[in-house]
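# quick one, fold the following:
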Amino acid sequence: MAATEKKTTIPQSLIVEEHVREALKADKGGDAFLKSWKVVDFTKPGDNYIGMVTSVEVKYSMYSKEEFEVTYVVKLTAQRAIDGFPDLTPILFSKEGKFYQEVLPALNKALTLAGQEQLHLPRCLFVSLEEGKEQMYFEDLRARDFKMFDRKRGMDQDHVALVMAELARLHSASYLLMRKFREGETVASKYEFLARDWLTFTPGAKKVFLPVFESYTDIGVNMLEKIGGYETAIEWLKSLKPEIENVFSAQMQSKRFNGICHGDCWNNNILFRYNDEGRPTDVMLLDLQLCREASLATDLNYFLYTSVTGDIRTPNIDDFMSIYHSSYKKVLDGADLPMSFTEEDLMQEFRDKNKVGLMFGLMILPAVLMEPEEIPNFSDKDIGTVMREARENAMDKLNTNSLFKPRFLSMFDEFLETGLIS
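Below is the predicted model of the structure:
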């Protein structure tokens, strides 16, 4: 009975006045008096995958005078149940909640001491990690004119440059923070939740997720075989399948480049603000539910192979790495520290982690190009059904969506050219 109730709970019903008051107090101070509030949904299918996002419109007064209005964005547990999958909702909400409560203040302090701006993340006003009722309240970035980029288009150079620079600030702040750790202390020992990743979320996670990840190599092979002319890539992808555990564990790590990573940096977890000419001028990173300790190059691979088309990524990759390197160096300069790696070192680390980019590209690209009405309902499905539908969706995109084939093939063309596939 309890499992059934969890599946059928409407996420918006988890929002209660006590939490609204706490968010208002954190935002406006103890003198803010809550007068009324209501839930207003605003997201579309395909905007969110792990959690459910809605908003609360609040009316309040200050010092018993004029009435004001403010809106908060609320992330709620989606409580989706997929038969055979471990329940990750408490873990994912705990990761993001603890990131905002414990890690972000330390990162921002490190940046401030280096004379730099704080990280471009929304203000988190309230966190509740009560199991089954997990939720977080954030400032509404729509009020500051931040918008989501159309995930199907793929980002242009201006958008990519902003993201690369901000990822560098996150990673360099992590570097500054780690320098203050006690001898022998690591990210994982200080913030245990950052050590938990795809294959270590729960004791049974590896048994569940490893076959899922392996199946995406089969999906890639199927699509390449249908296209034809990629025999070398097909054989290489087949040989990669036995290595997938290494890709999702050892290849995520790098002693020299490890730090605190976003973990899920793709189009839908990024917002932009634009000038009057329509050019992006500011960026905000969202959704830290998969934050982790890993090589900084895993974030770069994840982003560049899920959110950027090949015709933008491949010819500009040196420029993008240069932008990242300059942004990272600026932070270290502010702290009077020498730069810890060269652009050549960075590019090598990026290439060393390209298998990570390929795997997340294979997994996410079909979802990137889905229409809202195509978003699957995973409730009450077993793993076999989920993976069969994933395969069918990818093959369908290959046949019906003109955007998919070039984005899919651009990864393999690039890796053939760089020698990753040989």
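# could you look up the SS state of the residue nearest the centre of the chain?
Centre of the chain computed as the mean C-alpha position; nearest residue by CA atoms, centre = their mean is D264, 2.0 Å away. Using DSSP: H, G, I helix; E, B strand; the rest coil, the structure places D264 in coil.
# residues touching it, list them.
D287, L288, Q289, L290, Y302 (CB atoms under 8 Å, 6 or more residues apart in numbering). Quick note: C-beta positions are derived from backbone N, CA and C, even for glycine.
# just the helices in the stretch 101-250 of the chain please.
Using DSSP state H, counting those that start in this stretch, the helices found in the stretch 101-250 of the chain span residues 104-113, 157-178, 187-190, 205-227, 231-240, 244-247.
# nearest to Y328, of those?
Nearest of these to Y328, taken as CB to CB: helix 157-178 at 4.1 Å.
# so what does that closest one touch, helix or strand wise?
Counting contacts by 3 or more CB pairs under 8 Å, 6 or more residues apart in numbering; DSSP states H and E, helix 157-178 packs against helix 104-113, strand 258-261, strand 270-274, strand 280-285, helix 296-306, helix 310-334.
# list the buried residues in that helix.
Under the neighbour-count criterion of 16 or more other CB atoms under 10 Å, helix 157-178 has 159-178 buried.
# same check, this time on stretch 95-112
For stretch 95-112, a neighbour-count test (16+ other CB under 10 Å) marks 95-100, 103-104, 106-108, 110-111 as buried.
# equivalent analysis for stretch 242-251, please.
Buried residues in stretch 242-251, counted by 16+ other CB under 10 Å: I244, V247, F248, Q251.
# surely the last one is within a helix?
Yes: per three-state DSSP, Q251 lies within a helix segment.
# so it is in contact with G357, correct?
No: contact criterion CB atoms under 8 Å: Q251 and G357 do not qualify, at 10.6 Å.
# tell me where the model's unsure across the stretch 251-400 of the chain.
Along the stretch 251-400 of the chain, the parts satisfying pLDDT under 70 run over 372-384, 386-387.
# contact partners for the residue lying closest to N275 once chain neighbours are set aside?
Using CB to CB, 6 or more residues apart in numbering and skipping the chain neighbours, the partner closest in space to N275 is T281 (5.1 Å). Contacts for T281 (CB under 8 Å, 6+ apart) come out as L162, R273, Y274, N275.
# next: K147.
Here K147 is in contact with L271, F272, R273, Y274 (criterion: CB under 8 Å, 6+ apart).
# check it and give its pLDDT.
You'll see K147 listed with a pLDDT of 96.
# and for the one 10 residues further on?
The predicted structure scores Q157 at 98 on the pLDDT scale.
# my guess is it contacts N316, does it?
Yes: between Q157 and N316 there is a contact at 5.9 Å, judged by CB under 8 Å.
# now stretch 225-236: buried residues?
Y230, A233, I234, W236.
# could you do stretch 312-329 as well?
312-314, 316-317, 320-325, 327-329.
# which regions of the stretch 1-150 of the chain lie under the pLDDT threshold?
Those would be 1-9, 44-51, 78-86, if you go by pLDDT under 70 across the stretch 1-150 of the chain.
# ranges for the strands of it?
For the stretch 1-150 of the chain, the strands defined by DSSP state E, counting those that start in this stretch occupy 32-40, 51-62, 67-77, 82-83, 124-128, 135-139, 147-148.
# most packed of these?
Mean neighbours per residue, mean count of other CB atoms under 10 Å, is largest over these for strand 135-139, with a mean of 23.
# for it, which strands pair with it and how are they oriented?
Counting by DSSP bridges, the strands paired with strand 135-139 are strand 67-77 (antiparallel), strand 124-128 (antiparallel).
# got CSV for the ones you listed, with distance to E344 too?
Shown next, in CSV, are the strands paired with strand 135-139 (distance: least, CB to CB, whole Å):
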stretch, distance to E344
strand 67-77, 40
strand 124-128, 38
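# quick one: closest of those to G334.
The closest of these to G334 is strand 124-128. By CB to CB, the value is 24.9 Å.
# which residues does H325 contact?
H325 sits in contact with A168, M339, F341, T342, E343, L346, where contact means CB under 8 Å, 6+ apart.
# mind checking which of these land in helices?
Mapping the contacts of H325 onto helices (DSSP state H) picks out A168, E343, L346.
# ok, so of these, who is nearest D145?
The nearest one, if we look at the ones in helices among the contacts of H325 relative to D145 and count by CB to CB, is A168, at 24.1 Å.
# thinking the closest one is in contact with S327, fair?
Yes: between A168 and S327 there is a contact under CB under 8 Å: 3.7 Å.
# for K65, which residues are in contact?
Here K65 is in contact with no residues (criterion: CB under 8 Å, 6+ apart).
# now a PyMOL select for only the buried ones of the contacts of H325.
Buried members of these, defined by 16+ other CB under 10 Å, are picked up in PyMOL with:
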select buried, resi 168+339+341+346
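# okay, the contacts of H325 in TSV with distance to G115 next?
TSV is the format used below for those (distance: CB to CB, whole Å):
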residue	distance to G115
A168	16
M339	16
F341	22
T342	24
E343	23
L346	23
